[in-house]
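Q: how does the following fold in three dimensions:
(one chain, ligands or ions: 1)
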Amino acid sequence: MSSKVIVTIFGASGDLAKRKLYPSLFRLYKSGNLSKHFAVIGTARRPWSKEYFESVVVEAIADLADSPEQAQEFASHFYYQSHDVQDTEHYIELRKLQNRLNEQYQAEHNKLFFLSMAPQFFGTIAKHLKSENIVDGKGFERLIVEKPFGTDLATASQLNEELLAAFDEEQIFRIDHYLGKEMIQSIFAIRFANLLFENIWNRDYIDNVQITFAEKLGVEERGGYYDQSGALRDMVQNHTLQLLSLLAMDKPKSFSKEDIRAEKVKVFERLVQPDKEDLKRFFIRGQYKSGTVKGKKYISYRSEPNVNPDSMTETFVSGAFFVNSDRFRDVPFFFRTGKRLTEKGTLVNIVFKQMESIFGEELAPNVLTIHIQPTEGFSLSMNGKEVGERFSLAPLSLDYRTDATASGASPDPYEKLIFDVLNNDSTNFSHWDEVRSSWELIDQIEELWRSNEVPLHEYPVGSMGPDASFELLREFGADWQWSPNK
Ligand code: NAD
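A: Numbers count the residues shown, from 1 in each chain. Got it, this is the predicted structure:
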């Protein structure tokens, strides 16, 4: 890995930079993955001095530093340039600063650009980086872009074209921060390092797969953005389908980024595009209404600040995807995601088929649960014998769980992902072929929903979404395994 690099952050005064990027860069610095040969250029519209920028960085890492001197030494690597991304003159100044810091820190012309601002500016930034010769072909040049990558296939394609004018696909790292999470990366280990699972990871043994991304919070202060986006675009096009691809892919030839990507892309290409009738049946949308939970009142989505009072935006979506592969043909991959649900939790349940019983009673299926957050780990539900002289079955669970994020054992996804970019490892990023295929499918659902031919179900605050989401699974003879309301 090269720790010699000048990192330029566009959007350095923003929320993401302060909450995630500075702490993650600091942890990489503390662990020796960034050395004295690195500097960060922060750009944003505000006219900050270097001293003020340093104080922002110091504040952002206050809880992580061993001493004030260590925090200050780290912050001394940060430089600020007031910058309007539309203004060509500012890029000329940026190039001068970039060149000066490259000399000063002997960064061997290595450059990393992090676009941490609204995507409508990505194209213009990429264009200027090229035209003003900041991207000059010397050293490595890598671009990290934040979500959302487009709002449909057309805008995503246009954005991609704009980025390709300055960077090759291999240089573009599209962030999906879920892919930086410890347990999502553990899926590779669970599947491909355990004979027990890999041999039964197919349609002969797996009845269905259930992916849940539940949030307890509402839209908070993001109402303006969210009302234009909705749960389908915000959570399904990217995180849900990326996670699905890791669960559904075939075994890669090796653990290289090329072989993993090849298998992931195949899953996206084999996603079944349902006809109109199936689109209506397989995808459920919902919106939270006002209500009271444990004596506390909550307003409806339509009453949230910056949300259209007649909004038809979904705050919940649930559905069934299918992958047309020999491994998983006809196996439903159910998913649900929403706001103001019972509790926060991201997890996957792999529900195995029921076996024939010799005990005169029906057997509960084995379920492998991958806990992604807030706890991390996995559990396997099994059938055992109840203790006692009579023979009767009792459920038991093998549990391996930690609150690793709270204990600091797991790296923050941004730390892990920036580490990967420095290593030129694109395994945990979304490839354009994946993004394109996912938008093709999501666009069809959006188009149907815009025609209002399917209902927008209301659901109570503190529930796990509308009844229709439960009925969907019952249609397939299944039930949501995780029911925090029970
Ligand atoms: P923010 O609104 O807090 O910050 C935006 C930044 O862009 C500011 O530094 C602002 O000065 C700068 N900016 C805006 N217009 C500019 C212009 N014309 N020229 C130069 N600078 C300009 O946004 P954020 O929450 O930090 O999010 C940044 C990106 O990350 C967005 O794409 C967002 O979708 C994505 N994202 C954020 C989060 C999060 O937790 N905040 C999570 C996931 C994705």
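
Q: counting neighbours, what do you get for the residue lying closest to Lys30 once chain neighbours are set aside?
A: Across the structure, with CB to CB, 6 or more residues apart in numbering as the measure, the residue nearest Lys30 apart from its sequence neighbours is Leu64 (7.3 Å). C-betas here are computed from N, CA, C, even on glycine. In terms of burial, Leu64 registers 17 neighbours under the definition other CB atoms under 10 Å.

Q: per-residue confidence at Leu64?
A: In the prediction, the pLDDT value recorded for Leu64 is 95.

Q: give me the buried positions along stretch 289-307.
A: Under the neighbour-count criterion of 16 or more other CB atoms under 10 Å, stretch 289-307 has Lys289, Gly291, Tyr298, Ile299, Ser300, Tyr301, Arg302, Glu304, Val307 buried.

Q: could you measure from the third one over to the ligand?
A: Same thing as Tyr298. Noted for Tyr298: a distance of 22 Å to the ligand, by CB to the nearest ligand atom, to the nearest Å.

Q: re the thing from before, adding secondary structure and pLDDT, write the buried residues of stretch 289-307 out as CSV.
A: Converted to CSV, the buried residues of stretch 289-307 look like this (DSSP: H, G, I helix; E, B strand; the rest coil; pLDDT from 0 to 100):
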residue, secondary structure, pLDDT
Lys289, coil, 97
Gly291, strand, 94
Tyr298, strand, 96
Ile299, coil, 96
Ser300, coil, 97
Tyr301, helix, 98
Arg302, helix, 98
Glu304, coil, 97
Val307, coil, 97
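
Q: closest to Ser245 out of those?
A: Sorting the buried residues of stretch 289-307 by how near they are to Ser245, with CB to CB, puts Tyr301 at the top with 29.9 Å.

Q: the closest one and Val307 touch, don't they?
A: Yes: A contact is recorded between Tyr301 and Val307 when judged using CB atoms under 8 Å, the distance being 6.3 Å.

Q: if we can go back for a sec, what about the residue nearest to Lys30, distance to the ligand?
A: With distances defined as CB to the nearest ligand atom, the gap from Leu64 to the ligand amounts to 18 Å.

Q: what do you get for Tyr52?
A: Spatial separation of Tyr52 from the ligand under the definition CB to the nearest ligand atom is 14 Å.

Q: secondary structure element for that residue?
A: Secondary structure here is read from DSSP states H and E; on that basis Tyr52 sits in helix 50-60.

Q: what about that helix, distance to the chain center?
A: 28 Å (CA atoms, centre = their mean, to the nearest Å).

Q: what of stretch 444-455?
A: On the basis of CA atoms, centre = their mean, stretch 444-455 is displaced by 25 Å from the centre of the chain it belongs to.

Q: go ahead and name everything in contact with that stretch.
A: For stretch 444-455, the external contacting residues (CB atoms under 8 Å, 6 or more residues apart in numbering) are 152, 232-233, 273-274, 276, 279-280, 283, 285, 312, 314, 319, 456, 468.

Q: now the common contact residues for Tyr301 and Val307.
A: Val219, Thr313.

Q: which SSE is Ser318 in?
A: Under the criterion of DSSP H and E, Ser318 resides in strand 316-321.

Q: which strands or helices does that strand pack on?
A: Judged by 3 or more CB pairs under 8 Å, 6 or more residues apart in numbering; DSSP states H and E, strand 316-321 is in contact with helix 276-282, strand 283-288, strand 333-338, helix 467-475.

Q: nearest to Met249, of the ones you listed?
A: Between Met249 and those, the tightest spacing by CB to CB is seen for strand 333-338, at 12.2 Å.

Q: stretch 320-331: which residues count as buried?
A: For stretch 320-331, the neighbour count (16+ other CB under 10 Å) marks Ala320, Phe321, Phe322, Val323, Ser325, Arg327, Phe328, Val331 as buried.

Q: farthest pair within these?
A: In the buried residues of stretch 320-331, the most distant members under the criterion CB to CB are Ala320 and Arg327, with 17.0 Å between them.

Q: tell me the residue furthest from the middle of this structure?
A: With CA atoms, centre = their mean as the measure, the chain has its most outlying C-alpha, relative to the mean C-alpha position, at Glu389: 49.9 Å.

Q: ramachandran angles for that residue?
A: As for Glu389, its main-chain torsions (degrees, to the nearest 10) stand at phi -80, psi -30.

Q: quick one on the thing from earlier: so the residue nearest to Lys30, which of the three states?
A: In the three-state summary, Leu64 is assigned as coil, counting by DSSP: H, G, I helix; E, B strand; the rest coil.

Q: surely it touches Tyr22?
A: No: with contacts defined as CB under 8 Å, Leu64 does not count as touching Tyr22, sitting 9.5 Å away.

Q: can you pull the contacts of the residue of the chain found nearest the ligand?
A: Ranked by CB to the nearest ligand atom, the top residue of the chain for proximity to the ligand is Gly14, at 2.4 Å. Neighbouring residues of Gly14 by CB under 8 Å, 6+ apart: Ala44, Ser116, Met117.

Q: low pLDDT regions in this protein?
A: For the chain, residues meeting the criterion pLDDT under 70 lie at 1-2, 404-409.

Q: can you give the domain ranges for it?
A: Here the domain parsing of the chain from the TED database is 3-174, 177-474.

Q: report the two of the buried residues of stretch 289-307 separated the most.
A: The span of these, defined through CB to CB, is set by Gly291 and Val307 at 16.6 Å.

Q: the ligand contacts on this structure?
A: If contact is defined as CB under 6 Å from any ligand atom, the residues of the chain in contact with the ligand are 11-17, 44-45, 83-86, 116-119, 146-147.

Q: at 8 Å what do you get?
A: Where proximity means CB under 8 Å from any ligand atom, the interface of the chain facing the ligand comprises 10-20, 43-46, 83-86, 115-119, 121, 146-148, 175, 177, 225.

Q: now, of those, which are buried?
A: Neighbour counting with 16+ other CB under 10 Å marks 10-14, 16-18, 20, 43-44, 83, 85, 115-117, 119, 146-148, 175, 177 as buried within the residues of the chain next to the ligand.

Q: pretty sure Pro395 sits against Leu363.
A: No: because the distance of 10.2 Å does not satisfy CB under 8 Å, Pro395 is recorded as not touching Leu363.

Q: these two touch, right, Val209 and Phe322?
A: No: contact between Val209 and Phe322 fails when scored by CB under 8 Å: they sit 10.7 Å apart.

Q: for the two, list the residues in contact with both.
A: When contacts are counted by CB under 8 Å, 6+ apart, Val209 and Phe322 are jointly contacted by Val331, Pro332, Phe333.

Q: sec struct for Asn452, please.
A: For Asn452, the secondary-structure state derived from three-state DSSP is coil.

Q: about what we covered before: nearest to Lys216, out of the helices and strands packed on strand 316-321?
A: Using CB to CB, the nearest of the helices and strands packed on strand 316-321 to Lys216 is strand 333-338, at 10.2 Å.

Q: can you name the next helix or strand after the closest one?
A: Once the chain leaves strand 333-338, the following helix or strand, as judged by DSSP H and E, is strand 345-352.

Q: list the strands paired with that next one, with their directions.
A: Strand pairing for strand 345-352, using DSSP bridges, gives strand 206-214 (antiparallel), strand 367-373 (antiparallel).

Q: what does the shortest one contact?
A: This means strand 367-373. Contacts of strand 367-373 (CB under 8 Å, 6+ apart): 178, 181, 183-184, 186-187, 190, 197, 344-352, 377-381, 401, 405, 481-482.

Q: list only buried entries from those residues.
A: Buried by 16+ other CB under 10 Å: 178, 181, 183-184, 186-187, 190, 345-352, 377-381, 405, 481-482, out of those.
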